[in-house]
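Peer 1: from the sequence below, what's the structure:
(one chain, ligands or ions: 1)
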Amino acid sequence: MASLTYELTLAGLAVGGAAALTGIGLIVTHRATGVLNLAHGAVAMVCAYALRQLVVVWGWPLWPAALVTLLVLAPALGLLLDRGVFRPLARSGADPARTLVASTGVFVLLVGAAVLLWGGGARDDAPVLLGDDPWLQLAAVPAVACLVTAVTRWTRFGRELRAVVDNRPLAVLSGVDADRIAAAGWAFGAFTAGLTGVLLAPYVRLDPYGLPLLVVEVMAVAVIARMRSLPVAIGAALAVGVTQAQLTRLHPEGWAEPLVRAVGANLFVIALLVAALVLPGIGGKGGDVLPPAPRAGRVPPGVWALAAGCLLLPPAVAGPDLRTAVRVPALAIVLLSLVVVTGRAGQIALGQAAYAGLGALFTALLAAAGLPVLAALALAVPLTGAAGLLTAWPAIRRHGLALALATLAVGVAVSRLVLTQPYATAGLAAPARPAGFTTDRAYYLLELLLLAAALLLVAALRRGRTGRALAALRDHEPAAEAAGVAATAHKLLAFALAAALAGLGGGLLTTGVQAFDPTAFDPLRGLLWFAAVVVLGADHLLTPLLAAPLLTALDAAGPAGAAAVVIGLLAARVGPIPPLTPLLVPGDRPGPPGPAGAPAGAGTAPPARVPALAPPARGDGADGADGSGGACGAEGSGRADARGRPAARLVAEGLWFTHRGGVTALRDVTLALPAGRVTAVVGPNGAGKSTLFDCLAGAARPRRGRVLLDGGDVTGRPAHVRARLGIARTFQQPALFASLSVEENVRVGAERGRRRDRPAAATERALLLTGLAGPVRSRLTAGLPTGTLRRVELARALAGDPHTLLLDEPAAGLDAAEAAALSRLLAALAADGLTVLVVEHDPDPVAAAARTVRTMDGGRLRP
Ligand SMILES: Nc1ncnc2c1ncn2[C@@H]1O[C@H](COP(=O)(O)OP(=O)(O)OP(=O)(O)O)[C@@H](O)[C@H]1O
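Peer 2: Numbers count the residues shown, from 1 in each chain. I've put the predicted structure just below:
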């Protein structure tokens, strides 16, 4: 028994050692470059194949071949990735999401290239580098860790590396060559990837798919180590490795047996799932979702015709056998799911293949249980949607890197723990096609019908209120929440709907090809589909219609791996070349929904006492009413308290707030905002004004104290709820939804604010009030002058019919005339009963016009 324990521990330590090497490589690359290299495993696989090529095919002696592979080839590959992909991205200031897309592209590209070069089959003749002694393999771990520690602690390079990690711009200013540091990080990361691949290949079968995915699984250890601590990564890797090995001793009887076996074989997957979903996310918050393409555009009718032609061609020209073609509409529906979740909602979704697989599995299981296949499909779709909801719940609070990892972890876990497990799929037959649709041609037409229905559904979603809210969240999450959009609910909706659509596609696919094949829903497929949709234009309905025939044709007609190489090349270059919406005509954007439905006349005009904002004289395309009307100083029509003073509508009561870094930004701040008055808070940089503002608007929660609205405690209410209660806000930097037109920006506020019953009329009124009712209403906000952007933000805030308006430095970037017009407007709105808070740096014209001006300093309001 003791010797079995020893043997198993040793085997576990060997696996854990390889995992630890992966963790070290990932952490070092991440620290030096800021990139979590998803393609680490693909580099490992390429190096393992290269060593095999040198030794087995070309007959080189083992050690020279290993030295060439690890010390020349692997670092060269790392440098190539740095120069060819990631450095241009870093220089162009690409956000983390785009970098992730590029690393997904590199992953797909390397796998495709390996399949092209060496074929897709598994090989079991990988050269063994360190013999059978696991201690030797294990010794490599502390050796590499010590090397890394010594280099980072005691060399000039290490000091510079730490300087770059701490503050890259500052390090560059003090003469550190950050590019050199990043290049070295990539070279070293690729070396460790190579070492992992070469050590692991003899123990697992060498194939282009398995090894990269194995390395994805062991990413868990780097995540557990918060991409930071080498000892934690090593400890976690060894612990999981040993536990996994020891689990093989358990042999429970009955139903638990296959489950324990599955868990025992996939403990790293479970660790990844837990690390990605349960541990606090790595990476920052906000602004790191996939950005929209800079311009949506009108698609020339010819392109739509081409797409329709591609889809209609097979049944028109091919004979009765459409074996390959039946994959196309099903795949298009799966890809359409990515248009919803990634394109419209901006969420990185790397695990979509899992939902397609679950849809296929549910359809097959329900059909096997005796349901007619269409009923099985109809039930499988909501079931998959529910699975999407369940898995999205912990994932949606994450952003960027953490979200990518969470969705990838879900994809890998579903594939490993469900789709490939005998307890879920043993003896499962593909569902028979529905009666009347048994021939390929008839089935294809049925799929086309369902695809058309799915397209119509998604088109309606995108055009409507929900689509605008999703785009708003994607473009600027804090601003969307401030406008009243419930972020969590909308993201869940996007994930669940996308999962349901992917489930429909998966169910159709498995019924179409008459086989349940788990490899069709492998996590690598998920990466390929994600990359394909992103490079062809994620937020466009045409993308799935073009990508599905392209991928299917490349798979069927091209050499194996060709589709992955093409898509991988495009995705890896997605940063350096302009974002790919090649089929769209720039600038030729159809106008947003017009004022149709808005009642004409009095219903849309600003109230007589409120002057509209003057359009700037610069001629930015805006037009509107003349701002000369004057209700200046006509404040104070709000309700009054017993002593005749206006009653306070919004009250901050003894607020204390401490930021994460330990800075106490608010110290016992009490402020009452009377209804029907403009109140200003002025103060120097760092006084705490924005923090107070965030506490009032619901973007931050005070440590102590309360926020009261009309006497009710709203301290715990989030930003979108406060917007619905009537508190609207603007931001210090204009925060707008870049992919929406001016009018659509305002419309989001009208649809989500305090009064939502007549959004078209409310939008029109806000546009008129802010001088934006002319042609500028259909412009995208990118490129508009700051003064106009501030007016769009104000219009969005006013469109929800708030009773309280919080304005953060509204005069910043305005010229004197614009600022004067703004203070006239605010005074008139206050005269109409609006409660206004203006936070300003200096007592400028806007703040000066306020009835009450309070000064803030060092987190306290002066009496
Ligand atoms: N996210 C944050 N994390 C840590 N500290 C913060 C954060 N935001 C602000 N602070 C600190 O809190 C204090 C108050 O900052 P705040 O932005 O509220 O001041 P402010 O008066 O609005 O200044 P400014 O006009 O420059 O925006 C400052 O010392 C600032 O450095």
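
Peer 1: hey, where'd the strands end up in the chain?
Peer 2: Under the criterion DSSP state E, strands of the chain are mapped to 648-658, 664-674, 678-682, 704-709, 712-713, 727-729, 804-808, 835-840, 852-857, 860-861.

Peer 1: quick check: mean pLDDT across the lengthiest helix in the chain?
Peer 2: Ordering each helix of the chain by length in residues (DSSP state H) puts helix 2-33 first. Mean pLDDT, helix 2-33: 80.

Peer 1: next, the buried residues of it.
Peer 2: For helix 2-33, the neighbour count (16 or more other CB atoms under 10 Å) marks 8-9, 11-33 as buried. No exception for glycine: its C-beta is placed from N, CA and C like everyone else's.

Peer 1: packing partners for that helix?
Peer 2: helix 40-52, helix 134-154, helix 156-166, helix 178-200, helix 219-224, helix 230-247 (3 or more CB pairs under 8 Å, 6 or more residues apart in numbering; DSSP states H and E).

Peer 1: tell me how far stretch 797-808 is from the chain's mean position?
Peer 2: Relative to its chain's centre, stretch 797-808 lies at 29 Å (CA atoms, centre = their mean, to the nearest Å).

Peer 1: hmm, it touching the ligand?
Peer 2: No: judged by CB under 6 Å from any ligand atom, stretch 797-808 stays clear of the ligand, getting no closer than 8.0 Å.

Peer 1: thinking again about what came up before, now the longest helix of the chain, how far from the chain's geometric center?
Peer 2: On CA atoms, centre = their mean, the centre of helix 2-33 falls 30 Å from the chain's centre.

Peer 1: could you find the closest non-adjacent residue to Leu277?
Peer 2: Pro394 (4.2 Å; CB to CB, 6 or more residues apart in numbering).

Peer 1: how near is the one you found to Ala11?
Peer 2: Noted for Pro394: a distance of 32 Å to Ala11, by CB to CB, to the nearest Å.

Peer 1: how about Trp118?
Peer 2: According to CB to CB, Trp118 and Ala11 sit 28 Å apart.

Peer 1: picking that back up, tell me which of the strands of the chain lies nearest to Ala256.
Peer 2: Nearest of the strands of the chain to Ala256, taken as CB to CB: strand 648-658 at 48.5 Å.

Peer 1: if you count contacts, what does that closest one end up packed against?
Peer 2: strand 664-674, helix 689-697, strand 704-709, strand 835-840.

Peer 1: would you list the ones you listed in CSV and tack on mean pLDDT and distance to Leu259?
Peer 2: Listed next are these as CSV, based on pLDDT from 0 to 100; distance: least, CB to CB, whole Å:
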stretch, mean pLDDT, distance to Leu259
strand 664-674, 91, 51
helix 689-697, 91, 47
strand 704-709, 91, 48
strand 835-840, 89, 57
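
Peer 1: quick one: the ones you listed as CSV, columns for distance to Leu272 too.
Peer 2: As requested, the helices and strands packed on strand 648-658 are exported to CSV (distance: least, CB to CB, whole Å):
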stretch, distance to Leu272
strand 664-674, 37
helix 689-697, 35
strand 704-709, 39
strand 835-840, 44
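
Peer 1: residue contacts, Trp135?
Peer 2: Going by CB atoms under 8 Å, 6 or more residues apart in numbering, Trp135 touches Leu10.

Peer 1: tell me the angle the longest helix of the chain makes with helix 230-247.
Peer 2: 150 degrees (axes from the mean of the first three to the mean of the last three CA atoms, to 10 degrees).

Peer 1: okay, the angle between helix 2-33 and helix 40-52?
Peer 2: Orientation of helix 2-33 against helix 40-52 (the same axes, to 10 degrees) gives an angle of 110 degrees.

Peer 1: get me the contact residues on this structure for the ligand.
Peer 2: 659-661, 663, 665, 683, 685-691, 841.

Peer 1: tell me the buried residues within the residues you listed.
Peer 2: Buried among the residues of the chain next to the ligand by 16+ other CB under 10 Å: Ala665, Gly683, Ala687, Gly688, Lys689, Ser690, Thr691, His841.

Peer 1: how many other residues sit next to Leu492?
Peer 2: Per other CB atoms under 10 Å, the neighbour tally for Leu492 reads 17.

Peer 1: quick check: it touching Arg397?
Peer 2: No: judged on CB atoms under 8 Å, Leu492 makes no contact with Arg397 at a distance of 10.7 Å.

Peer 1: ok, back up a step: what angle sits between the longest helix of the chain and helix 178-200?
Peer 2: Interaxial angle of helix 2-33 relative to helix 178-200 (the same axes, to 10 degrees): 160 degrees.

Peer 1: what is the neighbour count of the spatially closest residue to Arg862 that is not a sequence neighbour?
Peer 2: The spatially closest residue to Arg862, leaving aside those adjacent along the chain, is Thr855, at 4.6 Å (CB to CB, 6+ apart). Applying other CB under 10 Å, we find 15 residues neighbouring Thr855.

Peer 1: just to revisit the earlier point, a markdown table please, covering the helices and strands packed on helix 2-33 and showing mean pLDDT and distance to Ala735.
Peer 2: Below are the helices and strands packed on helix 2-33 laid out as a markdown table (pLDDT from 0 to 100; distance: least, CB to CB, whole Å):
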| stretch | mean pLDDT | distance to Ala735 |
| --- | --- | --- |
| helix 40-52 | 94 | 36 |
| helix 134-154 | 78 | 39 |
| helix 156-166 | 78 | 29 |
| helix 178-200 | 86 | 30 |
| helix 219-224 | 89 | 31 |
| helix 230-247 | 90 | 37 |
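
Peer 1: make CSV out of the ones you listed and add distance to Ala812.
Peer 2: Shown next, in CSV, are the helices and strands packed on helix 2-33 (distance: least, CB to CB, whole Å):
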stretch, distance to Ala812
helix 40-52, 44
helix 134-154, 42
helix 156-166, 30
helix 178-200, 32
helix 219-224, 40
helix 230-247, 44
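
Peer 1: show me the shaky parts of the chain.
Peer 2: 1-2, 93-96, 131-132, 134, 165, 280-299, 316-321, 574-648, 842-849 (pLDDT under 70).

Peer 1: give me the domain ranges for it.
Peer 2: Per the record, the chain has its domains at 2-249, 324-572, 601-861, by automatic domain parsing.

Peer 1: between those domains, which one is nearest to Leu306?
Peer 2: domain 324-572 (8.0 Å).

Peer 1: quick one: end-to-end distance for the closest one.
Peer 2: Start-to-end span of domain 324-572 (CA to CA, to the nearest Å) is 28 Å.

Peer 1: TSV for the strands of the chain, including distance to Ala50?
Peer 2: Shown next, in TSV, are the strands of the chain (distance: least, CB to CB, whole Å):
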stretch	distance to Ala50
strand 648-658	54
strand 664-674	55
strand 678-682	64
strand 704-709	61
strand 712-713	65
strand 727-729	57
strand 804-808	56
strand 835-840	60
strand 852-857	63
strand 860-861	65
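
Peer 1: just say which of the ones you listed is most tucked in.
Peer 2: strand 727-729 (a mean of 29; mean count of other CB atoms under 10 Å).

Peer 1: which strands and helices sit next to that one?
Peer 2: Going by 3+ CB pairs under 8 Å, 6+ apart, strand 727-729 lies up against helix 689-697, helix 786-799, strand 804-808.

Peer 1: quick one: the first one to strand 678-682, angle?
Peer 2: If you take the same axes, to 10 degrees, helix 689-697 sits at 140 degrees to strand 678-682.

Peer 1: likewise the shortest one?
Peer 2: Between the axes of strand 804-808 and strand 678-682, defined by the same axes, to 10 degrees, the angle is 30 degrees.

Peer 1: which helices and strands does strand 804-808 pack with?
Peer 2: Counting by 3+ CB pairs under 8 Å, 6+ apart, strand 804-808 packs on helix 689-697, strand 727-729, helix 786-799, helix 816-831, strand 835-840.

Peer 1: can you say which of these is nearest to Ala97?
Peer 2: So among the helices and strands packed on strand 804-808, helix 786-799 is nearest, using CB to CB, at 23.4 Å.
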